[in-house]
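Asks: Here's my sequence, what's the structure:
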Amino acid sequence: MVIPNDLWAKALHESTACLRVQRQNRRSDESSLSQLMPLLDMAMEYLSILENQLVALNNSQSEENAEAWSHPPARPPPTWVQFSELYTHDKDRAIQEAYATSGAPPHYEDDDAGDVPNPYGMNGDMDCRRLHIRILTSQSEIFASKASLFAARDCKHFKEGANQLQMGLDKIHQALQVADSQISKWWADMERTQLKNAAFRTREKDALVEDANIVEVAIQNMTQRREKLLSLCQQEQNWLLRQLEPQWESRDEVKQRLGEERWTNNPRPKRDYAEMRRDLEIRLRAVRQAMEALQAMDPTMALQRANTMQYQLQHGVRPENGNVVTNGESRDESKQDDEMMRERRYNGIRPTTEWMSRRVDIQQYPDPTSFGWKFTGSWQAVEFFERMVVLDEKEYSVKLDWYFTTATIKTSLDHPTQGKTQLFGKQVSPDEYKKILENPRVHTGMR
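Replies: Prediction:
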């Protein structure tokens, strides 16, 4: 096995050892796999720290820092060995010390030529964008692994398993966006240099193909886990129905024999069978909700996107007819994001703690459910809500898109003749936020 010499790549390799252990033990008893859950949680915590460090090192909007994403990190990561040893005894302290490490001074050594400082004095260190892609795909694999554990025979938390897979798929889409940005930059550099340094540009292209391939492998893993989880859900549903259907038939026969009035007003009802059914029916509802979420979660689009990236690079086919969007996102990507939001609108899943940690102050911007809105789903930093409003003595459904990291609101009305009509869309103050949630028509037409 090849051990990476880059400190950041080494940190990734060491922290994801739990994934390799799970792959090796995939055929063992599923109950033994539950021992991996604490290791997966610890690895996820560490990867989140690495990701936050990368973002912190490159969070400036200046041109200099934007270019820094194309170079190796200027600081070493916290070591996995120290983090994991401390984490098992004191989780909070381990996280605190790992973040403190990000303030360590950069460690530079001159390269062989002695004129260009090379971080860590190593050749072949990956730049920040490539590291970011690997962190995101590793996070997606951890979410997928946790999904399998939640669905194991001794657990059967299928709804939480579906939730974990959804979060993993969101990580994959983030990785695709980073790769897309890097590829757009490569095409722009090729055009600016007019194909100079062809050998260097070819090496860059090969690295981008490798990045897209890594994302593709993560998507394939996600797809396999999804199919397995769907199969387990189907098996569980079949078993529950075999238990419940005879009980339902028996209940209906008794109800018909007694009549509606006696059934409803029975002074001494026997609830033994009803209580038995209730537990099974709760499990059945949870399984069906998980199946609905899994069926709505289609990784096909992400896989096609990764395959397209590789094909375009390998065959020199420039996306968007050669027009590069300066912010690194193509119009096709924007359309795909809109499609992703439509697919997630009714998934019933709240955002991950990672996204919620970036939320604006909940005291100033309370959850929309406090104002009578019904939560329907989420995707990354957007939560979706709905509410019925009365206009001209008729009820209409109003949809709310709440971008909770930027305090931005978008509302739209499903009109029976005009179709979907945008009511409002802008960043809002706490006062505006409350007024709009109390009355979606208060600022009609403001965009």
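Asks: what's the model's confidence in stretch 156-175, averaged?
Replies: This predicted structure assigns stretch 156-175 an average pLDDT of 89.
Asks: Just the C-alpha atoms of that stretch, please, in PDB.
Replies: Presented in PDB, the C-alpha positions along stretch 156-175 are these (Å, rounded to 0.1, in the frame of the first residue of the first chain):
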ATOM      1  CA  LYS A 156     -33.100  -0.900  11.700                       C
ATOM      2  CA  HIS A 157     -33.200   2.900  11.900                       C
ATOM      3  CA  PHE A 158     -34.000   3.100   8.200                       C
ATOM      4  CA  LYS A 159     -35.200   6.800   8.300                       C
ATOM      5  CA  GLU A 160     -31.900   7.900   9.900                       C
ATOM      6  CA  GLY A 161     -30.000   5.800   7.300                       C
ATOM      7  CA  ALA A 162     -31.800   7.600   4.500                       C
ATOM      8  CA  ASN A 163     -30.900  10.900   6.200                       C
ATOM      9  CA  GLN A 164     -27.300  10.000   6.300                       C
ATOM     10  CA  LEU A 165     -27.200   9.000   2.600                       C
ATOM     11  CA  GLN A 166     -28.900  12.300   1.700                       C
ATOM     12  CA  MET A 167     -26.100  14.200   3.600                       C
ATOM     13  CA  GLY A 168     -23.500  12.100   1.800                       C
ATOM     14  CA  LEU A 169     -25.100  12.900  -1.600                       C
ATOM     15  CA  ASP A 170     -25.000  16.600  -0.700                       C
ATOM     16  CA  LYS A 171     -21.300  16.300   0.000                       C
ATOM     17  CA  ILE A 172     -20.800  14.800  -3.400                       C
ATOM     18  CA  HIS A 173     -22.500  17.700  -5.100                       C
ATOM     19  CA  GLN A 174     -20.300  20.100  -3.200                       C
ATOM     20  CA  ALA A 175     -17.300  18.100  -4.500                       C
END
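Asks: That stretch: which residues count as buried?
Replies: Counting neighbours by 16 or more other C-beta atoms under 10 Å, one finds that the buried residues in stretch 156-175 are 156-175. In this view, the C-beta of every residue, glycine as well, is placed from N, C-alpha and C.
Asks: Those in helices, which ones?
Replies: When helices are assigned by DSSP state H, the members of those inside them are 158-175.
Asks: So which residues of the stretch 251-400 of the chain form helices?
Replies: Taking DSSP state H, counting those that start in this stretch as the criterion, the stretch 251-400 of the chain carries its helices at 260-264, 272-296, 300-315, 331-344, 353-356.
Asks: nearest to residue 396, of those helices?
Replies: Put simply, out of the helices of the stretch 251-400 of the chain the one that sits nearest residue 396 is helix 331-344, at 19.4 Å, with distance taken as C-beta to C-beta.
Asks: Look up how far residue 286 lies from the residue nearest in space to the middle of the chain.
Replies: In the chain, the C-alpha nearest the mean C-alpha coordinate belongs to residue 170, at 2.7 Å (C-alpha atoms, centre = their mean). Distance, residue 170 to residue 286, by C-beta to C-beta, to the nearest Å: 22 Å.
Asks: For this protein, which segments are assigned as strands?
Replies: Secondary structure of the chain (DSSP state E): strands at 108-110, 117-119, 374-379, 382-391, 394-403, 408-415, 419-427.
Asks: Format these as TSV; extra columns: mean pLDDT and mean neighbour count.
Replies: Compiled in TSV, these are given as follows (pLDDT from 0 to 100; neighbours: other C-beta atoms under 10 Å):
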stretch	mean pLDDT	mean neighbour count
strand 108-110	39	11
strand 117-119	32	16
strand 374-379	89	19
strand 382-391	86	17
strand 394-403	86	16
strand 408-415	81	18
strand 419-427	70	14
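Asks: Let's have the ones you listed in a markdown table, adding distance to residue 50.
Replies: A markdown table is the format used below for the strands of the chain (distance: least, C-beta to C-beta, whole Å):
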| stretch | distance to residue 50 |
| --- | --- |
| strand 108-110 | 20 |
| strand 117-119 | 15 |
| strand 374-379 | 24 |
| strand 382-391 | 25 |
| strand 394-403 | 26 |
| strand 408-415 | 29 |
| strand 419-427 | 31 |
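Asks: and of these, who's closest to residue 225?
Replies: Set against residue 225 and scored by C-beta to C-beta, the strands of the chain come closest in strand 374-379, at 19.6 Å.
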